[in-house]
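Participant: What shape does this take:
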Amino acid sequence: MDTALQLTIDVDRDVPISKSDAIQKLQQSSLVARLTGELVETPLFYIWRLIALSEIAYAQELKYTKLLIERVVDQLSTPFGFSLSGDQKHFLPCYNAMLVSAMCKLGQANHPTVYNAVQWIEQYQPMQRGSKVSAPSMRFDRYGGCFNHTPCYIGVAKSVFALFDYQSATGDKHISQKLEQGIEYLLEHHLFYRLHQQAPITGHILDLAFPASYHLNIVELISFAAKAQLLNDPRTNAAVAFLRSKQDNTRAWKTTIRYRSPGYVNFSNNQRTGDWLSYIIAQALYKAPS
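Facilitator: Purely as a prediction, here's the structure:
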């Protein structure tokens, strides 16, 4: 098992560990070596590496992570949140939300841009159908319509995750109503179904992969549902059953897709089964009713 995964498991289990010992485990990790071995100066590279590192305990202590945070803040921050271009031209709700989650996990929940990004979600992100959205200077239609009569489910889900991560990190209750509205929207869809038929919402939503990518998947959804204590709700049963059906005879899960984008690193590498993927899914399912 990679030492970064063992460290993350120990932290999740509240095993006492000093900062120096944690950093030593990170330095011994082959995964961390892969994640920190290069730095390509493009927004997508920053985003995918930051998201990946945010899943690893104590990664905020690494010089590389601190440098990435500086790049994101310097180049992608705007008065309304995070943008791929550093202005309104390439602002996408899903990427804004993913960066909020990553920054919160890395101890940056109180950064002004994170606050601005959360305020933007609270004010503009629709969490239901038929909501009319007016976001001046932003052209969401160029991306296929993030805010049509039916809002993009990826944007909704990632924004719900962002609000949850922000509230978990800060204790801010002012966003509770928006968060609860978004959670209900996800539950209405049984996490991954279309609203009026038992068919997957997107072509990638049943993919098994870790860490998160642009393609919202069931691993993210079930992990969120566990953290938000939603697994007693019967509307999560189908997602739980699907994941249990994909467990192999070694009680592990295999990665089913290799997402490709500058900076993205699949934690499973070339393993037949994914230790990280299996740990994340198992952590959620252990909290689910039998």
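
Participant: from here on, contacts and neighbour counts on C-alpha atoms
Facilitator: Fine.

Participant: Could you pull up the residues touching Asp172?
Facilitator: Counting by C-alpha atoms under 8 Å, 6 or more residues apart in numbering, Asp172 touches Tyr166.

Participant: Which residue is the nearest non-sequential neighbour of Ala228?
Facilitator: Counting by C-alpha to C-alpha, 6 or more residues apart in numbering, Phe164 is the residue found nearest to Ala228 once chain neighbours are left out, at 7.9 Å.

Participant: Revised request: answer the last question for Tyr264.
Facilitator: When the adjacent residues along the chain are set aside, Tyr264 lies closest to Trp48, with 5.0 Å between them (C-alpha to C-alpha, 6+ apart).

Participant: how far away is that neighbour from Leu99?
Facilitator: In this view, Trp48 and Leu99 are 9 Å apart by C-alpha to C-alpha, to the nearest Å.

Participant: So which residues of this protein form helices?
Facilitator: For the chain, the helices defined by DSSP state H cover 3-12, 19-28, 30-36, 43-54, 63-76, 93-105, 112-124, 153-170, 176-188, 218-227, 237-245, 275-285.

Participant: Any idea which of these gets closest to Arg251?
Facilitator: helix 275-285 (8.3 Å; C-alpha to C-alpha).

Participant: Which neighbouring elements make contact with the closest one?
Facilitator: helix 218-227, helix 237-245 (3 or more C-alpha pairs under 8 Å, 6 or more residues apart in numbering; DSSP states H and E).

Participant: List the contacts of the nearest residue to Leu92 once chain neighbours are set aside.
Facilitator: In space, and not counting its chain neighbours, Leu92 is closest to Ser83: 6.7 Å by C-alpha to C-alpha, 6+ apart. Contacts for Ser83 were tallied using C-alpha under 8 Å, 6+ apart; they are 76-77, 89-92, 95-96.

Participant: switch to 10 Å and redo it
Facilitator: By C-alpha atoms under 10 Å, 6 or more residues apart in numbering, the residues touching Ser83 are 43, 72, 75-77, 89-93, 95-96, 99, 117.

Participant: what about Ser29, how many residues close to it?
Facilitator: Neighbour count for Ser29, taken as other C-alpha atoms under 10 Å: 19.

Participant: Quick one: residues contacting the closest residue to it other than its chain neighbours.
Facilitator: Nearest residue to Ser29 in three dimensions, chain neighbours excluded: Thr3, at 5.1 Å (C-alpha to C-alpha, 6+ apart). Going by C-alpha under 10 Å, 6+ apart, Thr3 touches 9, 22, 24-32.

Participant: Swap in 8 Å and give it another go.
Facilitator: Contacts for Thr3 (C-alpha under 8 Å, 6+ apart) come out as 25-26, 28-30.

Participant: on that earlier part again, closest one to Ile205 among the helices and strands packed on helix 275-285?
Facilitator: So among those, helix 218-227 is nearest, using C-alpha to C-alpha, at 5.7 Å.

Participant: quick check: angle from that closest one to helix 153-170?
Facilitator: Per axes from the mean of the first three to the mean of the last three C-alpha atoms, to 10 degrees, the angle that helix 218-227 makes with helix 153-170 is 40 degrees.

Participant: Helix 218-227 packs against which elements?
Facilitator: Judged by 3+ C-alpha pairs under 8 Å, 6+ apart, the packing partners of helix 218-227 are helix 237-245, helix 275-285.

Participant: Check which residues of the first one are buried.
Facilitator: When neighbours are counted by 16 or more other C-alpha atoms under 10 Å, the buried residues of helix 237-245 are found to be 237, 239-240, 243-244.

Participant: Thought Leu179 was touching the residue nearest to Ala228, still the case?
Facilitator: Yes: the criterion here is C-alpha atoms under 8 Å, and Phe164 meets it with Leu179 at 6.9 Å.

Participant: Tell me how far Pro126 lies from Cys104.
Facilitator: 22 Å.

Participant: any low-confidence regions in the stretch 151-290 of the chain?
Facilitator: Where the stretch 151-290 of the chain drops to pLDDT under 70, the residues are 269-273, 288-290.

Participant: Check the offset of stretch 18-32 from the chain's centre.
Facilitator: Averaging C-alpha positions (C-alpha atoms, centre = their mean, to the nearest Å) puts stretch 18-32 23 Å from its chain's average.
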